[in-house]
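Asks: prediction below, plus the sequence it came from.
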Amino acid sequence: MRGSVDPPALDSTARSTEVAARSPLPFVLVNLAMSADGKIATANRAVSSFGSRRDFEHLLALRATADAVMCGARTVEADAVTLGPGPARFRRLRLRRGLAEYNLRVVVSGSGTLCPAAQVFRHRFSPIIVLTTQRAGRARLRRLEALADEVKVCGESEIDFHAALRWLRRAWEVRRLLCEGGGELNWALVRAGLVQELHLTVCPYVFGGRTAPTLAEGHGFEAVDLAPCFRLVSLKRVAEEAFLVFRRARSVGRSR
Ligand SMILES: NC(=O)c1ccc[n+]([C@@H]2O[C@H](COP(=O)([O-])OP(=O)(O)OC[C@H]3O[C@@H](n4cnc5c(N)ncnc54)[C@H](OP(=O)(O)O)[C@@H]3O)[C@@H](O)[C@H]2O)c1
């Protein structure tokens, strides 16, 4: 494999600090592990955590650069995620970087039907913010308010992510937002043109399955020219995994 690489998290932090200083929106990065055939879970959703220990360290290192970590409803329900910063050494790293010791946590559910038993709600080390829509209705909103530290309605039936992210920046000072999937949430962010960086770990498995989720679900773009274009800025092999960083290209032009 070709390529020498800067540590992606640090390189990315410097860039996002620059961008965030100028923008009313947070810098958004997506981090995911995928199989060699591009799946982020098996078709039956039973397996979604398949990266190595090195990949998990990478996830924590990236969290240690972010003000907030965000996930979709189906991910926080399916996986035993806390979305927290992990062990003390990562929390010290955060403090040295001038970040809060514990990152904020953001959960997205347009319907407001989040399972209250999800792991994320059992760990109260930092505020949990739920982004939802008017679809949630009064009763669900009340239930969400009992679960989360703040519930924000952003949109009628789908989250308006431009408005939601602007609000996160203004109300919670989120400059750097790490999205950890799943595919539906990623699609909404990609479609809205909000994703600046993709951090992908390609793992040595082939899951197959036409219904297995991938990085971005939803309807998809219908032409290459409509799809956002990214530049590969970092490529690193560690044992059998490839760690890739793509950064949003400024222009839509393609080299082929
Ligand atoms: N390999 C990895 O790194 C990785 C990482 C993360 C997840 N995963 C896997 O991915 C799978 C989950 O992915 P997924 O695509 O099914 O679900 P997801 O993106 O985690 O969650 C989807 C839900 O989020 C809410 N949502 C997303 N976009 C929205 C929008 N624009 N407006 C309103 N609500 C929105 C909706 O919640 P409501 O239905 O409540 O409205 C939607 O059903 C799981 O199997 C998980 O284990 C793998």
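Replies: Structure received.
Asks: how about Arg135, phi and psi?
Replies: phi -60, psi -30 (degrees, to the nearest 10).
Asks: neighbours of the closest residue to Val238 other than its chain neighbours, how many?
Replies: Nearest residue to Val238 in three dimensions, chain neighbours excluded: Arg54, at 5.2 Å (C-beta to C-beta, 6 or more residues apart in numbering). The way it works is simple: take the backbone N, C-alpha and C, and place the C-beta from them, glycine included. Residues lying near Arg54 (other C-beta atoms under 10 Å) number 13.
Asks: who are the contact partners of Arg54?
Replies: Arg54 makes contact with Val238, Ala239, Glu241 under the criterion C-beta atoms under 8 Å, 6 or more residues apart in numbering.
Asks: burial of the second one, as a residue count?
Replies: Taking other C-beta under 10 Å as the neighbour definition, Ala239 ends up with a count of 8.
Asks: ok, it touching Gly51?
Replies: No. Counting by C-beta atoms under 8 Å, Ala239 does not reach Gly51; the two are 11.2 Å apart.
Asks: ok, the residue nearest to Val238 to Cys229 distance?
Replies: Plainly put, Arg54 is 29 Å away from Cys229 if you go by C-beta to C-beta, to the nearest Å.
Asks: same question for His162.
Replies: Taking C-beta to C-beta, one finds His162 at 20 Å from Cys229.
Asks: same check on Arg250?
Replies: Arg250 is 9 Å from Cys229, by C-beta to C-beta.
Asks: which one's more surrounded, the two?
Replies: Cys229 (15 against 8).
Asks: hmm, that one is touching Ala249, no?
Replies: Yes. Counting by C-beta under 8 Å, Cys229 touches Ala249, with 4.5 Å between them.
Asks: where are the low-confidence patches of the protein?
Replies: 1-22, 251-256 (pLDDT under 70).
Asks: mind doing that once more with 90?
Replies: 1-23, 46-49, 78-80, 250-256 (pLDDT under 90).
Asks: all the strands of the stretch 1-150 of the chain, residue numbers only.
Replies: 27-35, 68-72, 104-108, 128-132, 150-153 (DSSP state E, counting those that start in this stretch).
Asks: who wins for proximity to Val206 among the ones you listed?
Replies: strand 27-35 (6.0 Å; C-beta to C-beta).
Asks: what does that closest one rub up against?
Replies: Under C-beta under 8 Å, 6+ apart, the answer for strand 27-35 is 12, 15-16, 19-20, 40, 49-51, 55, 58-59, 62, 66, 165, 175-181, 186, 189, 194-203, 205-207, 214-215.
Asks: my understanding was that Val120 contacts Val107; is that so?
Replies: Yes. Using C-beta under 8 Å, Val120 is in contact with Val107, at 6.6 Å.
Asks: which neighbours do these two share?
Replies: Common neighbours of Val120 and Val107 (C-beta under 8 Å, 6+ apart) are Cys71, Val76, Ile128.
Asks: residues near the second one, how many?
Replies: Going back to what we said before, that points to Val76. 25.
Asks: doesn't Ile129 make contact with Trp172?
Replies: Yes. Counting by C-beta under 8 Å, Ile129 is a contact partner of Trp172 at 6.9 Å.
Asks: of the shared contacts of Val120 and Val107, which are in range of the ligand?
Replies: Here is what survives when the shared contacts of Val120 and Val107 are matched to the ligand using C-beta under 6 Å from any ligand atom: Cys71.
Asks: out of the shared contacts of Val120 and Val107, who's nearest the ligand?
Replies: Cys71 (5.9 Å; C-beta to the nearest ligand atom).
Asks: grab the nearest non-local neighbour of the residue of the stretch 101-250 of the chain found nearest the ligand.
Replies: The nearest approach of the stretch 101-250 of the chain to the ligand comes at Gly182, 2.0 Å away (C-beta to the nearest ligand atom). Take Gly182 and drop its neighbours on the chain: the residue closest to it by C-beta to C-beta, 6+ apart is Thr75, 4.4 Å away.
Asks: give the contact list for that neighbour.
Replies: Ser48, Val81, Glu180, Gly181, Gly182, Leu185.
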